[in-house]
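Asks: Return a 3D structure for these sequence lines:
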Amino acid sequence: MPAVPLDPTEASLDDLSEPPPRGALGRAYDRLFRGAQSGRGRVALGALAALEAFGVPIPPDPCLWLLAAGSPRRTGRFAATALVASMLGTAGAYVAGPALWERYGGWANRNLAAVGYSDDAFRVVRDDARHTGVFWQALAEGLQPTGGHRCALVAGLYRRDAPPASFFIASFLARAIRFFVFAGAAAFFAELVRDAARRRPWPFTGALAAAVAAMIAVGLLRY
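Replies: As a prediction, the model looks like this:
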């Protein structure tokens with residue numbers, strides 16, 4: 001007699017009557033979802049969240065969504081992992097960013113200005129913060145996937161204009177809202193997400209890739 005899953009929110013993954021995943025990609029998603037049930041994937045999620053907060057415009061949100069859909073009962077743990085890692089990346093960029101920019105800023109101005117890594121773009125962020133307030137600027141940027149990837153660096157460069165307490169409190173609140181709300185939504189629609197990924201993996205992957213590309217484009221081209 002097959003064992004009954006202890007957690008009813010994850011019963012569908014172990015239901016032998018469920019149609020098998022389609023193709024290699026569908027099986028890959030199936031392994032990812034099953035891995036999420038054992039808590040695996042948190043290291044990758046934490047690394048993505050820390051890198052994005054440090055300044056690399058790769059959103060951790062899709063990874064969080066997939067893990068939450070794979071294991072709804074661990075949604076809180078996944079969101080907390082993303083939040084802690086993101087704040088560590090934010091602190092790292094705030095502290096080390098000025099020294100890194102002093103060393104590599106010239107190269108960035110020459111090669112990355114088109115995607116917002118330049119002194120002029122940073123001054124726009126600073127001027128916006130002066131106009132709206134550091135707290136509200138950091139809150140608005142942190143709520144957007146890849147929206148806040150320059151905030152910590154700019155706050156570190158212009159720290160005399162950016163009170164650390166206001167900046168870090170706003171960053172924490174924004175990321176907490178973003179990660180827990182989005183992960184909760186993914187957990188709520190977990191069965192639909194898993195079914196789409198396992199049975200229609202290529203359209204699902206296309207939609208996911210388009211969402212990631214849109215997040216990166218919005219984050220890079222805003223300034």
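Asks: for the longest helix anywhere in the chain, packing partners?
Replies: Assignment by DSSP state H gives helix 75-111 as the longest helix of the chain. Here helix 75-111 touches helix 42-54, helix 61-70, helix 151-157, helix 164-188, going by 3 or more C-beta pairs under 8 Å, 6 or more residues apart in numbering; DSSP states H and E. C-beta coordinates here come from the backbone N, C-alpha and C atoms, glycine included.
Asks: Can you say which of those helices is nearest to residue 92?
Replies: Proximity to residue 92 (C-beta to C-beta) singles out helix 42-54 among those, at 5.5 Å.
Asks: Low-confidence stretches in the chain?
Replies: 1-19, 39, 147-149, 219-223 (pLDDT under 70).
Asks: In space, not sequence, find me the middle residue of it.
Replies: In the chain, the residue lying closest to the centroid (C-alpha atoms, centre = their mean) is residue 60, at 2.6 Å.
Asks: Show the contacting residues for the closest residue to it other than its chain neighbours.
Replies: Leaving aside its sequence neighbours, residue 60 sits nearest to residue 48 (C-beta to C-beta, 6 or more residues apart in numbering; 3.7 Å). Residues in contact with residue 48 (C-beta atoms under 8 Å, 6 or more residues apart in numbering) are 58, 59, 60, 63.
Asks: Following the longest helix of the chain in sequence, what is the next regular element?
Replies: Counting by DSSP states H and E, the next helix or strand C-terminal to helix 75-111 is helix 119-132.
Asks: Check the offset of the following helix or strand past that following helix from the chain's centre.
Replies: For helix 119-132, the following helix or strand on the C-terminal side (DSSP H and E) is helix 134-142. In terms of C-alpha atoms, centre = their mean, to the nearest Å, the centre of helix 134-142 is found 16 Å from the chain centre.
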